[in-house]
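J.: the amino acid sequence is not available; the structure is as follows:
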């Protein structure tokens, strides 16, 4: 039989429940941390998508620009600018 601190059944039961509560608490903290990390990654992805969209629109606009001064003057005369 155990002698000392953990000899009483009440103490062993309290230690067992304390260990279970500690494990659940650590699990919840890890879950919260992984949720925060996922949120940061989603925010980073959204920011990257916005930047890529802006860059794509800039490239499309550059592809439609007049090639030279004559092309610019022709567009202005035709009203297509």
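T.: Sure thing, it's come through. For clarity, every value in this text was computed on a predicted model and none was experimentally measured.
J.: just the pLDDT at residue 8, thanks.
T.: Model confidence at residue 8, given as pLDDT, is 86.
J.: and it, how many neighbours?
T.: Using other C-beta atoms under 10 Å, the number of residues around residue 8 comes to 11. All C-beta spots, glycine's among them, are computed from the backbone N, C-alpha and C.
J.: where does this protein dip in pLDDT?
T.: Segments of the chain classed as low confidence (criterion: pLDDT under 70) are 1-6, 81.
J.: and with 80 instead?
T.: By pLDDT under 80, the weakly predicted segments of the chain are 1-7, 80-81.
J.: from the centroid of the protein, which residue is nearest?
T.: The centroid of the chain falls nearest to residue 41 when counting by C-alpha atoms, centre = their mean (2.0 Å).
J.: what about that residue, which SS state?
T.: With DSSP: H, G, I helix; E, B strand; the rest coil as the basis, residue 41 sits in helix.
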